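# Sequence and computational prediction follow.
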Amino acid sequence: MGDLKPAAKAMCPAGNVQMKVVKGDFGYVLEDVPHLSDYLSDLPTYPNPLRFNPAYSVVKQYFVNVDDTVAQKIVVHTDSPRGTHFRRAGPRQKVYFDPAEVHACIVTCGGLCPGLNTVIREIVCGLYHMYGVSKVLGIDGGYKGFYARNTVTLTPKVVNDIHKRGGTIIGTSRGGHDTGKIVDSIQDRGINQVFIIGGDGTQKGAAVIYEEIRRRGLKVSVAGIPKTIDNDIPVIDRSFGFDTAVEEAQRAINAAHVEAESIENGIGVVKLMGRYSGFIAMYATLASRDVDCCLIPESPFYLEGKGGLFEYIEKRLKENGHMVIVIAEGAGQDLLSESLQSMNQQDASGNKLLKDVGLWISQRIKSHFGRQQKLAINLKYIDPTYMIRAIPSNAADNVYCTLLAQSAVHGAMAGYTGFTCGPVNGRHSYIPFNHITEKQNKVVITDRMWARLLSSTNQPSFLNPKDVKEVLEEEEPPTQMLEGENCKDSKFATKDIPSMS
Ligand SMILES: Nc1ncnc2c1ncn2[C@@H]1O[C@H](COP(=O)(O)OP(=O)(O)OP(=O)(O)O)[C@@H](O)[C@H]1O
Ligand SMILES: O=P(O)(O)OC[C@H]1O[C@](O)(CO)[C@@H](O)[C@@H]1O
Ligand SMILES: [Mg+2]
């Protein structure tokens, strides 16, 4: 990495702060994150206290090499360029804060997600035990808590057991992001490390807080920790709490299956979260094996006629006597808008409020088969929406949350700022905000994973040749969670679509 070319700068779409892009040989690109020293000169440095910590001092190569970067694309070809890289997360030999001067704060924003309390716990414990920092504040109730609510003092004792509880002990909210007031509060309280846990909206808010802090020339590190139960944040392998949510969804699917198979022509309908991305529904379906049909926002479907849902339900009931349908909350919203009066309501953050697709589809199925009178169905609708996100994180998510929190703490102590952290191809990395906020992670229905789902449920793809063409033309890159690349050359060739009319 010694022969990297000098930084080439590009404008950051989110604001007026320039992106740090470093180019190297063979198409190597480092999309670096900002550092306090980019805008503050003569900052003192200190040896990392971990050098003197008996637990860590024996670890070989514990400190991350300053040149370590992580490749975004893991599948490469002999002639492909090396592509985009991110700075590897982890402790540095030198830190830019004297632990005694650190005054950190933590805020959680947006919807709940299993693991929030674990992340809070591990930020507090990481700061205390790894770096000897003893001033950590919890901001009560999301962004607006900076200027409208009280704060909570967080110590290892206060947070000791919180990972066993769902929710967030410091509260959360939507809306109320006022950059000026938030940065005033940070400045007035003498806070110099800000840990912001939240989804895409929260990370957009974190980006503008960072920009304002930089504009004011403050020595304050801003670290984002991505949180989304929908797994809709791009670049990172997966988001914390997702595993837990998929696991909890099994209970609802099992119940739907038991109900459905115990009665003649039983249909179990389960609605799961997923506003724009159907990952929870897709993984819960794949894990369960009891699901006959999974409907997600990314894959359009229709009810009536040849190749439609009603036809498939009839076929499945005749074949098997019962069936289970899993539907993500954002699926089929276009169909609902046609039949229900459009509401166009928004939550406090400006997110569109969705109509209840679970209730709607249950009613449509009932009235279709009721009208036909040739198949008497028994439908049970289960809506575990909030149950899958209000629980504590499972063991795997707890470990993941710990690594995330520690990455954020190491990054802030090392003087990095304006970053989100998360695993990229299994290596924790510091990712510039714009990469995380520019677009959403979605299920790519031309990817192998969706094909696996279709072959496991045997459901029709509901796509007509025109839809297939449109999907292929969108050229979505494969998601990080998937093992392969897009297979647009073969998998969705028209002849392979199960129920093409
Ligand atoms: N573009 C933006 N600029 C500044 N702040 C924003 C922006 N978008 C959202 N926010 C703020 O971020 C916070 C959380 O946003 P939002 O409610 O959209 O949840 P989220 O972080 O996307 O999480 P979830 O995945 O649960 O939706 C809110 O306080 C909101 O005001
Ligand atoms: O009802 P709330 O708390 O606004 O949250 C609902 C939304 O939050 C999410 O879980 C995202 O965090 C979406 O899937 C869902 O639409
Ligand atoms: Mg969001």
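Perfect, thanks for sending it. Ligands and ions are numbered 1, 2, ... in the order given.

# I figured residue 216 was touching residue 186, is that so?
No: contact criterion C-beta atoms under 8 Å: residue 216 and residue 186 do not qualify, at 9.6 Å. The C-beta positions use only the backbone N, C-alpha and C, and glycine is treated the same way.

# So for those two, which residue has more residues nearby?
residue 186 (24 against 12; other C-beta atoms under 10 Å).

# So which elements touch the helix or strand hosting the more buried one?
Using DSSP states H and E, residue 186 sits in helix 179-189. If you count contacts as 3 or more C-beta pairs under 8 Å, 6 or more residues apart in numbering; DSSP states H and E, helix 179-189 packs onto helix 145-148, helix 200-215.

# got the end-to-end distance for stretch 442-453?
15 Å (C-alpha to C-alpha, to the nearest Å).

# Can you point out the buried residues in stretch 328-348?
328, 329, 330, 331, 332, 333, 335, 336 (16 or more other C-beta atoms under 10 Å).

# For the fifth one, give me its contacts.
Spelled out, it's residue 332. Taking C-beta atoms under 8 Å, 6 or more residues apart in numbering, we find residue 332 in contact with 295, 300, 301, 357, 360, 361.

# pLDDT value on the nearest residue to the fourth one once chain neighbours are set aside, please?
Sequence neighbours aside, residue 332 is the residue nearest to residue 357 in space, at 5.4 Å (criterion: C-beta to C-beta, 6 or more residues apart in numbering). Confidence at residue 332, expressed as pLDDT, is 94.

# that older thread, and among the helices and strands packed on helix 179-189, the most buried is which?
Highest mean neighbour count among these (mean count of other C-beta atoms under 10 Å): helix 200-215, with a mean of 23.

# Run the contact check for the helix or strand following it versus ligand 2.
Heading C-terminal from helix 200-215, the first helix or strand you meet, by DSSP H and E, is strand 221-226. No: Strand 221-226 is not in contact with ligand 2 by C-beta under 6 Å from any ligand atom; minimum separation 11.6 Å.

# Quick one: list the elements packing against strand 221-226.
strand 193-198, helix 200-215, helix 395-413, strand 419-424, helix 433-437.

# For residue 58, find the nearest of the ones you listed.
helix 395-413 (17.6 Å; C-beta to C-beta).

# Packing partners of that closest one?
Helices and strands touching helix 395-413, as assessed by 3+ C-beta pairs under 8 Å, 6+ apart, comprise helix 116-125, strand 193-198, strand 221-226, helix 242-261, strand 419-424, strand 427-432.

# how about low-confidence regions in the stretch 401-501 of the chain?
Low-confidence segments of the stretch 401-501 of the chain, defined by pLDDT under 70: 465-501.

# what do you get for the chain?
1-18, 60, 339-343, 465-501.

# For ligand 2, give me its nearest residue in it.
Per C-beta to the nearest ligand atom, residue 111 is where the chain lies closest to ligand 2, at 3.0 Å.

# wait, what's in contact with the residue in the stretch 351-500 of the chain that ligand 3 sits nearest to?
At 6.0 Å from ligand 3, residue 351 is the closest residue in the stretch 351-500 of the chain, using C-beta to the ion. Residue 351 sits next to 174, 201, 275 when contact means C-beta under 8 Å, 6+ apart.

# go on, residue 51?
When the contact criterion is C-beta under 8 Å, 6+ apart, the partners of residue 51 are 57, 93.

# ok, back up a step: and the residue nearest to residue 357, its phi and psi?
Backbone torsions of residue 332, given as degrees, to the nearest 10, read phi 60, psi 20.

# same question, residue 79
phi -110, psi 10.

# ok, how many other residues are close to residue 45?
Neighbour count of residue 45, defined by other C-beta under 10 Å: 15.

# Same question for the one 4 residues further on.
Residue 49 has 17 neighbours, counted by other C-beta under 10 Å.
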